[in-house]
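[1] Okay, here's the prediction I keep looking at, along with the sequence it came from:
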Amino acid sequence: MELDQNQAAPASMQVSDESVIKITDMNKWYGQFHVLKEINLNVNRGERIVICGPSGSGKSTLIRCINRLEEHQQGSINVDGIELNNDLKNIDAIRREVGMVFQHFNLFPHLTVLENCTLAPIWVKKMPKKEAEEVAMKYLERVRIPEQALKFPGQLSGGQQQRVAIARSLCMNPKIMLFDEPTSALDPEMIKEVLDVMIELAHEGMTMICVTHEMGFAKTVANRVIFMDGGQIIEENEPNEFFNNPQSERTQLFLSQILAH
Amino acid sequence: MAMDNSTGYSGVVNSGDLPDKPAPIKTDGVGPWIRDNLFNGAFNSILTISSLLLVLYTLPSALNWLIFNAVWTGGSDACRANPDGACWTFVTSRWEQFLYGFYEKSERWRIDILLVILAVGIAWLAWERTPGKKLMAFFMLVIYPIFAFFMMYGNEAMGLPIVETPQWGGFTLTLVIALSGIVASLPIGIVLALGRRSEMRIISLLCTIFIEFWRGIPLVAVLFMATIMFPLFLPAGVTFDQLLRAVIGVALFASAYMAEVVRGGLQAIPKGQYEGAMALGLPFWKMMRLIILPQALKIVIPGIVNTFIGLFKDTTLVLIIALFDLLGIVQASIADPNWSIKSVPYTGYAFVAIVFWICCYSMALYSRYIEDKLHTGHKR
C-alpha cells in the first residue's frame, strides 16, 4: 500500500495529555468464555491507536465495548468523563460522542446517501433538516463523493460505501472515532481511497481507535500500536519500536506471519 | 515469486477495445417463441396440446353461460325461460340490497358519501403524484373511521337517525369488517411481533401466548365464541354490539397472523443495521421506526398482502353468526321464492366470486407496484 509515509505530521496531530477514554480492569465473558481479560487502556485526546492481533483475539469486542454495542461485566469504562453503565442516558450520551465505522459499512439501504448522513443529526440532535443537509454535504465533499448524495448505498462500490459510512459518522461531530476493520471487506483497489480519508482525519486531530490489519496505515498515522491475543493486551508500543523491536514472542510470531509476503 | 516459464507459453496481450455488440435475442418473433416455450421437447408438447384441448373444451361453454347465453334484461320470467345461461337480471334487480343490506332506504345516501370518500382517499394514497400524502393518511386512518362510524350508526344530535348494526349488510358490511380488520391488524401485528422478539421475558411470553392462542383456533370458533360465549362473561344488563364483537374477533385473529409475518421480516434484517443505528445514538423506538421496520415491512409486503387477502375473504364467515355480508345477503336472496330458478344460485355465487376476485386481485396488483417502487438498487 502506497501511503504518504514521508509527509510530516501536522501540528494538529499533537496529542494532548487530557484523557478521553479510560478503561480500567475490564473483563468480559460470552457465557463461560472469557473474551476480554483485565483490559487497561488509557486514550488521550488526539491519539491514534491501532489495535491488531489474530482473529478471535477480542480486538473488535474491545472497541465495541466502548460504545456499548457489547456489554462488559467487570471493571469500568469512562468515555469523556461519562461512566459507561446500565444508565441508558449515559449510553446515549456516549454514543453521541463516539462515531463508529464497521467492516460491512452498515449503511441503511432504504435511504439515500444524503438521508443516511442526515438521519442521526435530525433525529438525535434535533438539527433542522436544511442545516443537517448542509453539514452532510460538507462531509460528503470531504470524503470526495458529493455527487453520489442522491444515490442509494446499493448503487455504490464498496470503497464509496465505506466513505459514506465515515461521512455519516462525522455528521454527528464525534470526539472519538472507532474503526472496526474498515478495509477488510474491500477490494484491494478500494482500500487506498478509504485509508486516505482516514489519514486526513488523523491529520485533523481526530482521536481514533482502529482495529485493522493495514500495517502501512499503522506505521503512518498511529502513535501507539496495541497487540492483542487471547483476550488480553500483549504488547503496546509506539509504531517504530513495535514493528522493529517487538518484545513478546507472540507479537514476533504475529508480525512474522503478516509481514511475510 | 519466480515462475518457471519452460512451457514456452508466451502470454496474451489484447490491445484495443472490442466493439460493443447487441445482445443475442433468442425469442425473436412469434414462431421461435412458440417453439422455445411451448414445444421444446416431447413432454412439453404433450402438455401444451392437452392444456389447449382443456381450454377449448371448457372456455366456450363457460363464456356462453356467463355472457352470450346469459339473461341481461327482463325479470325473473326471462330467467325461467332460459335455464342454460346466467341470470344477471337477478343481480341487477337486487344490487341495492347486495350493496346496502337492510340499511334504511331513506338513509342510504350516508353510505354513498362514505363510499365516495373511501374511493377518493384510497386513490389519493395509491396514486404516486398526489400531494399531502401524510395529511391524507392521517385523515383516512384516524378521522375517517370515526366519521364513518357516526355516519353509519347515526347520531341524533347530528340529525342522523340511528341505524342499528343488525340492519347493516351486503358489500358495505364486508367492507366494514374487512377494512377494520386490515387497519387494526397491521399495527397490532407489528407491536406483537416486536413484543415477541423483546428481550424482556414477560412481554415476549405474553405476546407468544396471545399469538399462538389466536392462531390455534379456527375463525369460525372465534366468531361463535364472540357471539355466544362472550356475553356470558359480561355483567347482566351490559350489552356489547354483536357486529363490534365480530370485528374485534376478526381483527385479533388477523393480528396474530400479521405478527408472524412481520416477525419474519424482522428476522431478515442483519444485525449490522441495528448496530449502525445504535452507534449513531438512535434510541430504540426511533431505530425501529426509521431503520428496522421500513426495511422489515418492505421485505414482507407479499406476506402482509397475503394476510389482507385472506382476511378479506374470511369476512364471509360472519354469515354463520347471522350477519349478512355480501355472500350472506346473496345467499338469502337466492332463497326468495320469486327467484327459485335453476340458474339463480349459480349466478349469485358467480357474482360474489367475481366481486371478491376483483377486490383481492386489485390488492395483489397494488402490492406488486409498491414492491417495484420501493426497490432501491442492488440488494445487500
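    Received the coordinates, thanks. Numbering: from 1, shown residues only, chains lettered A, B, ... in the order given.
[2] quick one: buried residues of the helix or strand hosting residue B:147?
    Using DSSP states H and E, residue B:147 sits within helix B:144-153. Buried positions in helix B:144-153, judged by neighbour count with 16 or more other C-beta atoms under 10 Å in any protein chain shown: B:144, B:148, B:151, B:152, B:153. C-beta coordinates here come from the backbone N, C-alpha and C atoms, glycine included.
[3] Show me what from chain B comes close to chain A.
    Within reach of chain A by C-beta under 8 Å from any C-beta of the partner chain, chain B has these residues: B:272-273, B:275-283, B:286, B:290-291, B:294-295, B:298, B:374, B:376-380.
[4] Please indicate which of those residues are buried?
    Of the residues of chain B next to chain A, these count as buried by 16+ other C-beta under 10 Å: B:272-273, B:275-282, B:286, B:290-291, B:295, B:298, B:376.
[5] Which stretches in the stretch 101-250 of chain B count as helices?
    Taking DSSP state H, counting those that start in this stretch, the helices of the stretch 101-250 of chain B run over residues B:108-126, B:133-138, B:144-153, B:170-196, B:201-216, B:219-224, B:230-233, B:242-267.
[6] Kindly report the same for the stretch 151-261 of chain A.
    A:158-170, A:188-203, A:215-221, A:239-244, A:249-258.
[7] nearest to residue A:180, of those?
    Of all these, helix A:158-170 sits nearest to residue A:180, with 10.7 Å by C-beta to C-beta.
[8] Alpha carbons of the closest one, in PDB - could you do that?
    Provided in PDB are the C-alpha atoms of helix A:158-170 (Å, rounded to 0.1, in the frame of the first residue of the first chain):
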ATOM      1  CA  GLY A 158     -17.600  -0.900  -1.500                       C
ATOM      2  CA  GLY A 159     -15.000   1.900  -1.100                       C
ATOM      3  CA  GLN A 160     -17.600   4.600  -1.800                       C
ATOM      4  CA  GLN A 161     -20.000   3.000   0.700                       C
ATOM      5  CA  GLN A 162     -17.300   3.000   3.400                       C
ATOM      6  CA  ARG A 163     -16.500   6.600   2.700                       C
ATOM      7  CA  VAL A 164     -20.200   7.400   3.100                       C
ATOM      8  CA  ALA A 165     -20.200   5.500   6.400                       C
ATOM      9  CA  ILE A 166     -17.300   7.700   7.600                       C
ATOM     10  CA  ALA A 167     -19.100  10.800   6.500                       C
ATOM     11  CA  ARG A 168     -22.300   9.600   8.200                       C
ATOM     12  CA  SER A 169     -20.400   9.300  11.500                       C
ATOM     13  CA  LEU A 170     -18.700  12.600  11.100                       C
END
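[9] which secondary structure elements does that helix contact?
    strand A:98-101, helix A:113-123, helix A:129-142, helix A:188-203 (3 or more C-beta pairs under 8 Å, 6 or more residues apart in numbering or on different chains; DSSP states H and E).
[10] how about the helices of the stretch 101-250 of chain B in CSV, adding mean pLDDT?
    Below are those laid out as CSV (pLDDT from 0 to 100):
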stretch, mean pLDDT
helix B:108-126, 91
helix B:133-138, 89
helix B:144-153, 89
helix B:170-196, 94
helix B:201-216, 95
helix B:219-224, 92
helix B:230-233, 79
helix B:242-267, 93
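[11] got CSV for those, with distance to residue A:21 too?
    Below are these laid out as CSV (distance: least, C-beta to C-beta, whole Å):
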stretch, distance to residue A:21
helix B:108-126, 50
helix B:133-138, 43
helix B:144-153, 53
helix B:170-196, 34
helix B:201-216, 34
helix B:219-224, 57
helix B:230-233, 60
helix B:242-267, 33
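[12] Please identify which of those is closest to residue B:354.
    Closest to residue B:354 of the helices of the stretch 101-250 of chain B is helix B:170-196 (C-beta to C-beta; 12.2 Å).
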